[in-house]
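[1] sequence first, then the predicted structure:
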Amino acid sequence: MRARVLLSIVLALAAHQAARAQQASAFATPARDSAAVFVAMSHFAVGRLGSECLAVVGRAESPKAFADAWKDRNAPFVAASTKYLSRRVDEAGAQGGLQRREAAQAEIRQVIQASGENLLRTLLQGRKEDGCMNAVTLVETGVLDINTKLPQYSEVESLLLWSQQP
């Protein structure tokens, strides 16, 4: 009888630990991955756009100031993306150590940069001066801000709500 009670307790503890481990990674979903990368890619692309275009269109502000203005307007989404991607990297490290953590961080960075470069190429098609003027205008007028007009807004909003949970 005593052994049965002890076995039941051990099995209950094991089940509880397994459930907690499963909950720890339950935050990660393909939709959140996509939304977080989209936000990070947008921020990266705006920064690169500033580097490529501000001088071309005769602007004296720094690329960092240009990107920071976009970041400020989109701060809740940028914070949500950063929190989520940091947690994904932490999870990789918890599962596979420092090497897996660094690999996950490099993979995320590569996806963000490649997607951002593709967006930049799309925005700057044609004559560089015209593309730069158009792209800078899109950023400054908020067209490239994260808002309800984006097709993926529901995923980004869901990421934001996730990030606000305790």
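    Perfect, thanks for sending it.

[2] pull the helix or strand with minimum mean pLDDT from this protein.
    helix 2-25 (a mean of 35; mean pLDDT, DSSP states H and E).

[3] which elements pack onto whichever helix or strand comes after that helix?
    Following the chain from helix 2-25 toward its C-terminal end, the next helix or strand by DSSP states H and E is helix 30-53. Using 3 or more C-beta pairs under 8 Å, 6 or more residues apart in numbering; DSSP states H and E as the contact criterion, the elements in contact with helix 30-53 are helix 63-73, helix 75-123, helix 128-140, helix 153-163. In this view, the C-beta of every residue, glycine as well, is placed from N, C-alpha and C.

[4] specify the angle between helix 30-53 and helix 75-123 in degrees.
    Relative orientation of helix 30-53 with respect to helix 75-123: 60 degrees, computed using axes from the mean of the first three to the mean of the last three C-alpha atoms, to 10 degrees.

[5] so for helix 30-53, what's the average pLDDT?
    Computed over helix 30-53, the mean pLDDT rounds to 96.

[6] closest to Asp33 out of the helices and strands packed on helix 30-53?
    When the helices and strands packed on helix 30-53 are ranked by distance to Asp33, counting by C-beta to C-beta, first place goes to helix 75-123 at 7.5 Å.
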